[in-house]
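Peer 1: Next come a sequence and a model predicted from it.
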Amino acid sequence: MAKEYAKSFYKSTAWKKCRQSYIKKVHGLCEHCSKPGYIVDHIEEITPENIGDPDITLNHENLQYLCTPCHNRKTFGKHDPIRDDVMFDATGNLVRR
Ligand SMILES: [Zn+2]
């Protein structure tokens, strides 16, 4: 489940369009390994402070399309893998509980 502040964003038409057009742009392939991708990831993570800023949330420059293994590597590579303060929402984005 996404954080309350992010729920309406992920349900928004603007995000769905942005996400779909981004996936098309990268031909549906993971940008790291070129296997079929799964997750549109925000490079600069969405926070309550920037969620109203389309330059962050709806900017293709701030997105990357990843397959699940690459996303997990990105997400957990630099951190302790045992964390209970983060999770994935319905669209596969990492969110804080
Ligand atoms: Zn990959």
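Peer 2: Yep, that arrived.
Peer 1: quick one: contacts for the spatially most central residue of the chain?
Peer 2: By CA atoms, centre = their mean, the chain has its centre lying nearest to residue 41, at 2.5 Å. Taking CB atoms under 8 Å, 6 or more residues apart in numbering, we find residue 41 in contact with 63, 64, 65, 66, 71, 74, 92, 93, 94. (Each C-beta comes from the backbone N, C-alpha and C, glycine too.)
Peer 1: Mind doing that once more with 10 Å?
Peer 2: Going by CB atoms under 10 Å, 6 or more residues apart in numbering, residue 41 touches 31, 62-66, 70-71, 74-75, 91-94.
Peer 1: Pretty sure it sits in a helix.
Peer 2: No - going by DSSP: H, G, I helix; E, B strand; the rest coil, the assignment for residue 41 is strand, not a helix.
Peer 1: In terms of helices and strands, where is the nearest residue to residue 48 once chain neighbours are set aside?
Peer 2: Spatial nearest neighbour of residue 48, chain neighbours left out: residue 5 (4.8 Å); criterion: CB to CB, 6 or more residues apart in numbering. According to DSSP states H and E, residue 5 maps onto helix 4-11.
Peer 1: average pLDDT across the top helix by length along the chain?
Peer 2: Ranked by residue count and defined by DSSP state H, the top helix of the chain is helix 13-25. In this model, helix 13-25 carries a mean pLDDT of 98.
Peer 1: Measure how it sits relative to helix 4-11, angle-wise.
Peer 2: For helix 13-25 against helix 4-11, the angle by axes from the mean of the first three to the mean of the last three CA atoms, to 10 degrees is 60 degrees.
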